Every structure is written in structure tokens, then in C-alpha cells.
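Asks: got a predicted model here, sequence first, then my questions.
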Amino acid sequence: MNQEYYYPSNLEEALNLLTKESTVIIAGGTHLTTSKNRAISNFVDITRLGLSYIKKDQQLARVGSTTTITEMIESPIIKQIGNGILTKACQLIGDTPLRNVITIGGNIAGIYPWVGLPVVLLVLDAEIEIKTLNGTKKVLANDYYKGKKLQKGAIITEVAFPFRDDYFCQYEKFSLTTVDYSWLTMAFATKNENGTIVDPHLAVSRVSKTQRVSQVEEFLEGKSLTDLDLNTAVSILKNSIKVVADYRSSKTYREHLLGVLFRRMLIGMTGGL
Ligand SMILES: Cc1cc2nc3c(=O)[nH]c(=O)nc-3n(C[C@H](O)[C@H](O)[C@H](O)COP(=O)(O)OP(=O)(O)OC[C@H]3O[C@@H](n4cnc5c(N)ncnc54)[C@H](O)[C@@H]3O)c2cc1C
């Protein structure tokens, strides 16, 4: 099949090219080159649109969508977000050659269950900017992951992160080796106001759909750190999400893993604040 590869130099050109049939965006290319979708005839490379940047803008860090994972790891601005939670999540993605090309936009556009960054966007209330020929919209991560897939021809252009440096944040990726795909990914962020849990955010992916777990957040809100009932918190988590098995591990194993990792986070929080 004849395939065309386009290198637009501005956003408008890219959006117009995407109206062609069987045409998709390519950024780092790590998913597209391995997925071998024969229905795709044309690629629109968005890496020359000036969307590779990390900027501090008052209370937000703005990350352009073609910024690579390596660029994020090396950024002092990214290190300030959630006391380093985003840097840690980036460090646990794949290996160095992959991190050099994977982009933040590609990591969140496809809503693939194994990717590392969505849970961090969810617990930090990050905002995703999406452009189409009809205009620009900004969507909170929680709405983005509850919603349907991106509209055809839409380009994620930027992700804005609040710094949340007054939050206690944790990130866990469980995998067999550091470069292996994740078996379970989880992130947690909360404030401690005089020994009380305030505004807790918990997000889980890979063992179920990528989601915030509001039942656990409601249970934790306002609880005292000193007499937190860890068993109840863990059992609410297990009962709130529908854990699915895959070829790597059974449902029972994944549920157990979920409990172990969440308990570890809570112990870290009660001892770490
Ligand atoms: C062996 C291997 C191991 C990996 N391990 C991990 C891991 O541990 N953790 C992890 O998080 N990821 C991992 N990845 C990467 C992950 O699977 C995805 O491939 C990656 O996040 C996609 O980013 P990309 O920039 O390469 O996107 P691409 O492959 O270029 O695109 C992916 C999809 O997103 C769309 N897209 C890309 N950018 C945009 C945009 N700005 N707006 C709208 N749509 C867009 C494309 O059209 C395509 O559908 C691994 C990949 C491989 C090959």
C-alpha cells in the first residue's frame, strides 16, 4: 500500500492534513510502529509544530505535547510538580531509547492501559488542551479519562499541571523488570492539614480501566492520620473497582497486588507527613 508521511510546519497545516482519509498523527511513533494497523495510509508528523517545551506559568507547568519523556526527566520544572511524582513516573517508562522518543501527547492520546502518565495527570488534576479545526478546548484529566476516544483529527497540544507542592504524592508501577510493561499503576496525592487528610486523589490503571477511585477518596477525606483504618481503606478500594485478569496474571493476584501497593502508600503517608 502507498503510504505518505507528512511534515507540517504549523498547526493549521497539520489539522487540515488530518482531514484526509486513513490519516493519523504520529509523534514518537512507538505505538504506531508496533501496532501495524494496515488501515492507516498516511502519517502526519507533529514533531515540528513547536510543541516541545516545558514552561513555568505562574501556578502551572505547561508541557507541550511533543515533549519527550527524557526531556521531562531532565527538567527542573517537572521535578517541582507534586514533589517529584511526575519525574518518577517518567523514569519508570520503558528504557532510555524509548524514553528519548515517547512523547507526553502520545502517552495520553491512545488511552492504552499499560502507559504510565495518566494516573499522575488524574491525581494532580492536570488539564489537557485539545485543538481541532473548530477551535480549542481544555479538558480536566478526570473528564478526559471518563470520556470517549479523541475526536478524529484532534491534536493534543499541551498539558498543564498544577505544582501541588503542598501535597504528599506517591507513584507505584509494578512490573517484572524496570523496563517491562506495567502490571499495575497507581498514584496518590493528598494534603495534610494539622494531621487531617484533605483533598485525597487516588488513581489506578492497568488492573482495570484508567480511573480515579472516588469511593476511597470520600472515605479518606477528613480522616485523622493517627487513627486511619488501613484495612477498611484497602477493602473499599478492592470493592470499588472491577479488576480484570490478563495473560500475565490472574484477577486474584491483581486484587492482592492492588491491596499491597495501596497499603504501602497509606503507610508511607501516615509515616511520611
Ligand atoms: C517495547 C515498548 C515498551 C514500552 N513501555 C512503556 C512503559 O513502560 N510505560 C509507558 O508509559 N509507555 C511505554 N511504551 C510506550 C507506549 O506504549 C506508547 O507507545 C507511547 O506512550 C506512545 O507515545 P508516542 O509519542 O510514541 O506516540 P505514537 O506512537 O506516535 O502515537 C500513539 C497514538 O497517539 C496518537 N497521538 C500521538 N500524539 C498525539 C497528539 N499530540 N494528539 C493526538 N493524538 C496523538 C497517534 O495518532 C497514535 O494513535 C512502550 C512502548 C514500547 C514499544
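Replies: It's in.

Asks: what about residue 192, which helix or strand?
Replies: strand 184-193 (DSSP states H and E).

Asks: once you drop chain neighbours, what's closest to residue 109?
Replies: residue 156 (5.5 Å; CB to CB, 6 or more residues apart in numbering). Placement of C-beta: from N, CA and C, glycine included.

Asks: who does the one you found form a beta bridge with?
Replies: Note on residue 156: beta-bridge partners residue 130, judged by DSSP bridges.

Asks: from what I see, it and residue 132 are in contact.
Replies: No - shown here, residue 156 and residue 132 do not form a contact pair, counting by CB atoms under 8 Å, at 10.8 Å.

Asks: tell me which of the two has more neighbours.
Replies: Neighbours per residue (other CB atoms under 10 Å) separate residue 156 from residue 132, with residue 156 holding more: 26 against 15.

Asks: quick one: contacts for the residue of the stretch 101-250 of the chain found nearest the ligand?
Replies: Nearest residue of the stretch 101-250 of the chain to the ligand, counting by CB to the nearest ligand atom: residue 106, 2.2 Å away. Residues near residue 106 by CB atoms under 8 Å, 6 or more residues apart in numbering: 27, 28, 30, 31.

Asks: which elements pack onto the longest helix anywhere in the chain?
Replies: Ordering each helix of the chain by length in residues (DSSP state H) puts helix 251-272 first. Contacts defined by 3 or more CB pairs under 8 Å, 6 or more residues apart in numbering; DSSP states H and E place helix 251-272 against strand 168-174, strand 184-193, strand 196-205, helix 230-240.

Asks: hmm, 6 Å instead?
Replies: Other elements packing on helix 251-272 under the criterion 3 or more CB pairs under 6 Å, 6 or more residues apart in numbering; DSSP states H and E are strand 168-174, strand 184-193, helix 230-240.

Asks: and the strand holding residue 192, how far from the chain's centre?
Replies: Strand 184-193 sits 14 Å away from the centroid of its parent chain (CA atoms, centre = their mean, to the nearest Å).

Asks: buried residues in that strand?
Replies: The neighbour-count criterion (16 or more other CB atoms under 10 Å) identifies 184, 185, 186, 187, 188, 189, 190, 192 as the buried residues of strand 184-193.

Asks: tabulate these (CSV), appending pLDDT and distance to residue 84.
Replies: What follows is the buried residues of strand 184-193, written out as CSV (pLDDT from 0 to 100; distance: CB to CB, whole Å):
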residue, pLDDT, distance to residue 84
184, 93, 21
185, 95, 17
186, 97, 16
187, 97, 12
188, 97, 14
189, 97, 12
190, 96, 16
192, 90, 17
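
Asks: and which of the residues you listed is nearest to residue 218?
Replies: Nearest to residue 218 out of the buried residues of strand 184-193 is residue 190 (CB to CB; 12.8 Å).

Asks: the residue nearest to residue 109 contacts residue 103, doesn't it?
Replies: No - using CB atoms under 6 Å, residue 156 makes no contact with residue 103, being 9.3 Å away.

Asks: the ligand next: which of the contacts of residue 106 are close?
Replies: 27, 28, 30, 31 (CB under 6 Å from any ligand atom).

Asks: which residues of the stretch 1-150 of the chain lie near the ligand?
Replies: 24-32, 34, 46, 65, 93-94, 98, 102-103, 105-107, 109-110, 112, 115-116, 150.

Asks: these, buried ones only, as a ChimeraX selection?
Replies: Burial among those is assessed by 16+ other CB under 10 Å; the matching ChimeraX selection reads:
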select :24,25,26,27,28,30,31,32,46,65,93,94,102,103,105,106,107,109,112,115,116,150
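
Asks: among the residues of the stretch 1-150 of the chain next to the ligand, which lie within helices?
Replies: 32, 34, 98, 105, 106, 107, 109.

Asks: can you tell me how far the closest residue to the third one other than its chain neighbours is from residue 54?
Replies: Leaving aside its chain neighbours, residue 98 sits nearest to residue 30 (5.9 Å; criterion: CB to CB, 6+ apart). As judged by CB to CB, to the nearest Å, residue 30 and residue 54 stand 20 Å apart.

Asks: pLDDT value on residue 34, please?
Replies: Model confidence at residue 34, given as pLDDT, is 76.
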